[in-house]
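In: Curious how this folds, go ahead:
(chains A and B)
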2 protein chains.
Amino acid sequence: MSERRELIVELGERSYPIYIGEGILHEAGELLAARGISKKSPMLIVTDESIAKLHLPLLEKVLQEAGFTAVTAIVPPGESSKSLKVFEELVTKALQAGLDRKSAIVALGGGVVGDLAGYVAASYMRGIKFVQIPTTILAHDSSVGGKVAVNHPLAKNIIGAFHQPELVLYDLSTLQTLPPREVAAGLAEVVKHGLIWDEAFVAWCDENAERLVQLDSDALGYALYKGCSVKAAVVSKDERENDLRAILNLGHTIGHALEAVAGYGELLHGEAISIGMVGSARIGVRLGAPEEIYAVTKRVLSRVGLPVRLPEHLDTDAIMEAMMHDKKFQEGTMTFIVPTSIGQVEINSSVSKALVREIVEELKREA
Amino acid sequence: MSERRELIVELGERSYPIYIGEGILHEAGELLAARGISKKSPMLIVTDESIAKLHLPLLEKVLQEAGFTAVTAIVPPGESSKSLKVFEELVTKALQAGLDRKSAIVALGGGVVGDLAGYVAASYMRGIKFVQIPTTILAHDSSVGGKVAVNHPLAKNIIGAFHQPELVLYDLSTLQTLPPREVAAGLAEVVKHGLIWDEAFVAWCDENAERLVQLDSDALGYALYKGCSVKAAVVSKDERENDLRAILNLGHTIGHALEAVAGYGELLHGEAISIGMVGSARIGVRLGAPEEIYAVTKRVLSRVGLPVRLPEHLDTDAIMEAMMHDKKFQEGTMTFIVPTSIGQVEINSSVSKALVREIVEELKREA
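Out: Alright, predicted model coming up:
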């Protein structure tokens, strides 16, 4: 059994704990009760078909034994469930089950389930309690920060809210069934948290890449703890995404554009931002940062099994166009998160479009 | 020209001003700019077909002359526009118009438009700026407090958020075209604000009922100023509706039940809560408050043209049943806002169902 870890996301009266450990799902009953989740009001568990098969029976059993009343909504897996249509179906379910203002909504699953269930919790009766039980590595990212949302046919995550959970339960056992490609994609955000904030953690990832890829529980627990800690530190200083929080978008401007142009599905989110982070490192070096940023970024990402080269068939014009629609460009200004040294980045609002275009071309020739 | 009035809703960094005056719409450009609404980012004006004919051309002209770029969405009048379907259409419009994180959404209209546009502003990109330009007396209530929402087929206002506006512009000229029944219904919430907080203001309403009904600008400006002030005082102390804010529901438990049983439309909201407030006064007297509460409540409401008698054809069982579904009953407890003296109320969590039933019957025989 690996070490049990706990950290607090500091947000004043909205602070909450994240518990990370093997088999922690068995303690869901006590942990929810300790955080004041009501046993008198019914709760709604939201999960997807794949996760339901693996982990729902245990969660339902544990909650029932602890005296909670829970109804469950199972949505289809994948991004298409993050729609207003499914959102409305969940509200219907919550109403029919009699959820009241003291009820909670529990998200059991990855980022899609968390974003969707979180937006229901944010909106139902203008906001009820929310519990996250992430079952992917990637979800360590979305489980800190309170960003919840659904998609609109014209734009991802455009309809949403900031709504902090009461607690997050990270059971490392649930990660053991992840396919290798998803493991790597999830590790992209872990590495990102090192690159923006913590040079020592980047070095640790570099050395422990193999253990991470093999889902060694102790390595994974530490990596998730560190990843969540960095994100928590950033979010604590800028809950509503006014300024600092933008550094979390390292690699995301190019990454989002790649996802859009490739069509959602060809590249996983983590794969797209991996390529984006290599691009950002290249931009950083061009703007005067040490050469090693590029070498280290590329090496760590490759070691955890991520792509670092931009697929050649993606059209450069289309990528540039997609970037111009990214919501990070406020009032037409072109802003990039640019590394200045390993573990440090800056928000640079004057990166020229010509340079970005060159970098996109270079990324297609990445060795 | 009547006196110009201004008040600040104190909510820390979310504080905002309400400007009340005749012809204030002509100054919308300067007032929005002074509050930091961006001229570089497009804004979306939301209004309904009836209001568009009366006031939209002026607002569009004023904003354009001040250098703002605005697109307009016109929704059908009435409660049916407070739906997720119309909500999604407005998000589509906002995306197509290129609204970004610095954009604002402007609600020109009554409560329906304010609630709907406000929920779009709360959700679009997880929250952008919101400006309220109420055109009904009733909307003085919803323009303070930040409650925004749409309806679900199974429940009113069940999908929503707390989202404070940047500013509220109350142009008294826009109220001059209101039909008499809507004037009275709007005054119900004005009187309510007196009954829960301010004995002197109740006396003032009693004396000035005639001027209010005749839409005397000076009387109306003062009444809206006082009504907004009381609501602001309550909301400042309890922004997220944890406890004190419940007093704003005086008359609403019975009122909502009447609206539900009568079918939305037979009774206007203000009419239903007028009857509800008479019921609450009766409950207060039964529980030991001075007799005059009942007499004064009934007289003031009658004087501003509101019904005080419950329509006999509404079934008492159905009314009781509807009350049990009201979201104010947390975990099955039956809570009422009960007057203790004129201008004061208490939150009473132990009002017996039998007493409420008797009062409902008595309200049908109200002289």
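
In: for stretch A:226-240, which positions count as buried?
Out: If you call a residue buried by 16 or more other C-beta atoms under 10 Å in any protein chain shown, then stretch A:226-240 has these buried ones: A:Lys226, A:Gly227, A:Cys228, A:Ser229, A:Val230, A:Lys231, A:Ala232, A:Ala233, A:Val234, A:Val235, A:Ser236, A:Glu239. All C-beta atoms are positioned from the backbone trio N, CA, C, and that covers glycine.

In: ditto for stretch A:145-162
Out: The neighbour-count check on stretch A:145-162 (16+ other C-beta under 10 Å) flags A:145-152, A:155-162 as buried.

In: Chain A: strands as residue ranges?
Out: For chain A, the strands defined by DSSP state E cover A:5-9, A:16-21, A:43-48, A:70-75, A:104-109, A:129-134, A:147-152, A:155-162, A:167-171, A:336-341, A:344-348.

In: any idea which of those strands is most buried?
Out: strand A:104-109 (a mean of 29; mean count of other C-beta atoms under 10 Å in any protein chain shown).

In: Who are the packing partners of that strand?
Out: strand A:43-48, helix A:49-65, helix A:111-123, strand A:129-134 (3 or more C-beta pairs under 8 Å, 6 or more residues apart in numbering or on different chains; DSSP states H and E).

In: Off-centre distance for the second one?
Out: In this case it means helix A:49-65. 22 Å (C-alpha atoms, centre = their mean, to the nearest Å).

In: List the contacts of that helix.
Out: If you take C-beta atoms under 8 Å, 6 or more residues apart in numbering or on different chains as the criterion, helix A:49-65 is touched by A:25-29, A:32, A:43, A:45, A:47, A:70, A:72, A:74-77, A:106, A:108-110, A:113, A:133, A:135, A:174, A:177.

In: just the first one next, same as before
Out: Taking C-beta under 8 Å, 6+ apart as the criterion, the residues outside strand A:43-48 that touch it are A:37, A:55-56, A:59-60, A:63, A:68-78, A:81, A:90, A:93-94, A:97, A:99, A:103-110, A:112-113, A:116-117, A:120.

In: redo that, cut-off 7 Å
Out: Here strand A:43-48 makes contact (C-beta atoms under 7 Å, 6 or more residues apart in numbering or on different chains) with A:56, A:59, A:68-77, A:81, A:90, A:93-94, A:97, A:99, A:103-109, A:113, A:116-117.

In: who does it pair up with?
Out: strand A:70-75 (parallel), strand A:104-109 (parallel) (DSSP bridges).

In: Out of those, flag the one nearest A:Ala188.
Out: strand A:104-109 (18.8 Å; C-beta to C-beta).

In: how's chain A carved up into domains?
Out: As given by automatic domain parsing, the domain ranges for chain A are A:5-177, A:180-364.

In: The residue lying closest to A:Leu25 once chain neighbours are set aside: what's it in contact with?
Out: Take A:Leu25 and drop its neighbours on the chain: the residue closest to it by C-beta to C-beta, 6 or more residues apart in numbering or on different chains is A:Asp171, 4.2 Å away. Residues in contact with A:Asp171 (C-beta under 7 Å, 6+ apart) are A:Gly23, A:Ile24, A:Leu25.

In: Could you check the angle the biggest helix by length in chain A makes with strand A:147-152?
Out: Counting residues, the longest helix in chain A under DSSP state H turns out to be helix A:217-237. Here helix A:217-237 runs at an angle of 90 degrees relative to strand A:147-152 (axes from the mean of the first three to the mean of the last three C-alpha atoms, to 10 degrees).

In: on contacts alone, who are the packing partners of helix A:217-237?
Out: Here helix A:217-237 touches strand A:5-9, strand A:16-21, helix A:139-142, helix A:180-197, helix A:199-213, going by 3 or more C-beta pairs under 7 Å, 6 or more residues apart in numbering or on different chains; DSSP states H and E.

In: Hey, what's the angle from the second one to strand A:167-171? Just curious.
Out: Here strand A:16-21 points in a direction 10 degrees away from that of strand A:167-171 (the same axes, to 10 degrees).

In: Direction included, what does strand A:16-21 pair up with?
Out: Assessed with DSSP bridges, strand A:16-21 is paired to strand A:5-9 (antiparallel), strand A:167-171 (parallel).

In: Quick one: low-confidence residue ranges for chain A.
Out: Across chain A, the ranges flagged by pLDDT under 70 are A:1-2, A:264, A:325-333.

In: So which residues on it come close to chain B?
Out: Applying C-beta under 7 Å from any C-beta of the partner chain, one finds that chain A approaches chain B through A:40-41, A:84, A:88, A:91-92, A:95, A:100-102, A:122-126, A:147, A:149, A:152, A:154-155, A:158-162, A:327, A:330-331.

In: list the contacts for A:Gly145?
Out: So A:Gly145 contacts A:Lys231, A:Val235 (C-beta under 7 Å, 6+ apart).

In: What of A:Glu182?
Out: By C-beta under 7 Å, 6+ apart, the neighbours of A:Glu182 are A:Thr136.

In: 8 Å instead, please
Out: A:Thr136, A:Ile137, A:Leu138, A:Leu268.

In: Let me know the closest of the residues you listed to chain B.
Out: Nearest to chain B out of the contacts of A:Glu182 is A:Leu138 (C-beta to the nearest C-beta; 19.6 Å).

In: ok so, going back, out of the contacts of A:Glu182, who's the most crowded?
Out: In terms of neighbours by other C-beta atoms under 10 Å in any protein chain shown, these top out with A:Ile137 at 28 neighbours.

In: from memory that one sits against A:Leu187, does it?
Out: Yes: under the criterion of C-beta atoms under 8 Å, A:Ile137 makes contact with A:Leu187 at 6.1 Å.

In: Put together TSV for the strands paired with strand A:16-21, with distance to B:Thr316 on each row.
Out: Converted to TSV, the strands paired with strand A:16-21 look like this (distance: least, C-beta to C-beta, whole Å):
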stretch	distance to B:Thr316
strand A:5-9	50
strand A:167-171	44
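
In: Mind checking the ones you listed for the one nearest to A:Trp204?
Out: Short answer: strand A:5-9, nearest of the strands paired with strand A:16-21 by C-beta to C-beta, at 14.9 Å.

In: ok, residues contacting the closest one?
Out: Residues from elsewhere that reach strand A:5-9 (C-beta under 8 Å, 6+ apart): A:15-21, A:144, A:164, A:221-222, A:225, A:228-229, A:232, A:235-236.

In: How about the contacts made by A:Val278?
Out: A:Gly251, A:Tyr294, A:Thr297, A:Lys298, A:Leu301, A:Val308, A:Leu363, A:Glu366.

In: List buried residues within these.
Out: Buried, going by 16+ other C-beta under 10 Å: A:Gly251, A:Tyr294, A:Thr297, A:Lys298, A:Leu301, A:Val308, A:Leu363, out of the contacts of A:Val278.

In: Once you drop chain neighbours, what's closest to the second one?
Out: It refers to A:Tyr294. A:Tyr294's closest residue in space is A:Ala281 (C-beta to C-beta, 6+ apart), at 4.4 Å.

In: How about the contacts made by the one you found?
Out: A:Ile293, A:Tyr294, A:Thr297, A:Lys298, A:Pro339.

In: ok, now A:Lys231?
Out: A:His140, A:Asp141, A:Val144, A:Gly145, A:His193, A:Leu248 are the contacts of A:Lys231 under C-beta under 8 Å, 6+ apart.

In: Contact partners for the closest residue to A:Glu266 other than its chain neighbours?
Out: Spatial nearest neighbour of A:Glu266, excluding adjacent residues (C-beta to C-beta, 6+ apart): A:Pro311 at 7.7 Å. Going by C-beta under 8 Å, 6+ apart, A:Pro311 touches A:Ala262, A:Glu266, A:Leu267, A:Lys364.

In: thought the last one was touching A:Leu310?
Out: I take that to be A:Lys364. Yes: in this structure, A:Lys364 is within contact of A:Leu310 by C-beta under 8 Å, at 4.8 Å.

In: So which of the two has more stuff around it?
Out: Neighbour count, other C-beta under 10 Å: between A:Lys364 and A:Leu310, A:Leu310 has more, with 26 against 15.

In: For the closest residue to that one other than its chain neighbours, give its distance to chain B.
Out: Closest residue in space to A:Leu310, ignoring its immediate chain neighbours: A:Leu363 at 3.8 Å, by C-beta to C-beta, 6+ apart. In this structure, A:Leu363 and chain B are 27 Å apart, going by C-beta to the nearest C-beta, to the nearest Å.
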